[in-house]
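K.L.:
Provide a 3D model corresponding to the input given below.
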Amino acid sequence: MVNPIIKVIIPAYNEQDAIANVIHAIPEIVAEIIVVDNNSTDATAINAKNAGATVLKEFRKGYGYACLKGIDYLKKQNKKTAVVVFLDGDYSDHPEQLTALIAPILVDNLDFVVGARVKEFRETGAMTPQQIFGNWLATFLMSLFFQSKFTDLGPFRAIKYSTLLDLEMEDTTYGWTVEMQLKILKQKRSYTEIPMKYRNRIGVSKVSGTIKGSILAGIKILGWIFKYSFK
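P.N.:
Numbering: from 1, shown residues only. Next comes the predicted model:
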């Protein structure tokens, strides 16, 4: 793959204090950084634009809605993207590790890579107990039903653009990450995990930071797993 076009999609909702840090930490190898403002009520969009990102608006609230908006934008471009990277806008991921994340795709021709938030590289408190348990349960069930080797549903992930289109992603909210991994497994695509550093986010999480968000995310994730286990 010569001079691959790499694009980054960042779904963001009320991340005005973090978004510029995220954008500035992304390596220059990336051709375009796309921030999808998911109906924020603060200066997220302005700060992202000032930091050099392309800013899209998605008024329907939902992580999946924002990701789908970014994909739709890529479909309309003339120059075809080679690799798409997803990461969060809260500065919990380490964007400078993007080159390590995409290496298995560029060097080994794999389809998909997840940045695994392993305990030894994770700041204390960066993941809540419910996140840790939810990840364990989801990946255990994926291993049980699909012989998966995934250990995390981490949001920092890279995928071949052609593979991403073939997955025909559809989840609009909390189930986005697990849907992608389940479809990778069902289509027998090549994948791996790369251990990544993970820190305490800037601001309060809209999912794991609330009881309601944690419960809804858990229901959605388990729903996708059981749906695909009987397909």
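
K.L.:
is Pro27 in contact with Thr99, as I believe?
P.N.:
Yes - in this structure, Pro27 is within contact of Thr99 by C-beta atoms under 8 Å, at 5.5 Å. Any C-beta I mention is one placed from the backbone N, CA and C, and that applies to glycine too.

K.L.:
which phi and psi does Met169 have?
P.N.:
phi -60, psi 140 (degrees, to the nearest 10).

K.L.:
quick one: contacts for it?
P.N.:
64, 67-68, 71, 176, 179-180, 183 (C-beta atoms under 8 Å, 6 or more residues apart in numbering).

K.L.:
helices or strands up against whatever helix or strand Cys67 lives in?
P.N.:
Secondary structure from DSSP states H and E places Cys67 in helix 63-75. Contacts defined by 3 or more C-beta pairs under 8 Å, 6 or more residues apart in numbering; DSSP states H and E place helix 63-75 against strand 6-12, strand 32-37, strand 54-57, strand 83-86, helix 161-167, helix 176-186.

K.L.:
pull the distance from stretch 56-70 to the chain's centre.
P.N.:
13 Å (C-alpha atoms, centre = their mean, to the nearest Å).

K.L.:
residues near the closest residue in space to Ala20 that isn't next to it in sequence, how many?
P.N.:
Distance criterion C-beta to C-beta, 6 or more residues apart in numbering; nearest residue to Ala20, sequence neighbours excluded, is Ala51 at 4.2 Å. Other residues near Ala51 number 17, with proximity taken as other C-beta atoms under 10 Å.

K.L.:
check Leu74 too.
P.N.:
Neighbour count for Leu74, taken as other C-beta under 10 Å: 19.

K.L.:
now the one 3 residues further on
P.N.:
When neighbours are counted by other C-beta under 10 Å, Gln77 registers 11.

K.L.:
wait, Glu123 sits on Arg199?
P.N.:
Yes - between Glu123 and Arg199 a contact is recorded at 4.5 Å, counting by C-beta under 8 Å.

K.L.:
between the helices and strands packed on helix 63-75, which gets nearest to Lys149?
P.N.:
helix 176-186 (9.5 Å; C-beta to C-beta).

K.L.:
counting by contacts, list what the closest one packs against.
P.N.:
Looks like helix 176-186 contacts helix 63-75, strand 112-116, helix 129-146, strand 157-160, helix 161-167, helix 211-229 (3+ C-beta pairs under 8 Å, 6+ apart).

K.L.:
can you tell me which of these the model trusts least?
P.N.:
Lowest mean pLDDT within the helices and strands packed on helix 176-186: helix 211-229, a mean of 65.

K.L.:
coming back round to it: and the helices and strands packed on helix 176-186 as JSON lines, adding distance to Tyr191?
P.N.:
Compiled in JSON lines, these are given as follows (distance: least, C-beta to C-beta, whole Å):
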{"stretch": "helix 63-75", "distance to Tyr191": "18"}
{"stretch": "strand 112-116", "distance to Tyr191": "4"}
{"stretch": "helix 129-146", "distance to Tyr191": "12"}
{"stretch": "strand 157-160", "distance to Tyr191": "9"}
{"stretch": "helix 161-167", "distance to Tyr191": "10"}
{"stretch": "helix 211-229", "distance to Tyr191": "15"}
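
K.L.:
hmm, back to that, what is the nearest of the contacts of Met169 to Ser162?
P.N.:
Among these, Ile71 lies closest to Ser162 (C-beta to C-beta), at 12.3 Å.

K.L.:
so how far is Ile202 from the residue most central in space within the chain?
P.N.:
Computing the C-alpha centroid of the chain and ranking residues by C-alpha atoms, centre = their mean puts Pro155 first, at 3.2 Å. From Pro155 across to Ile202, the span is 15 Å (C-beta to C-beta, to the nearest Å).
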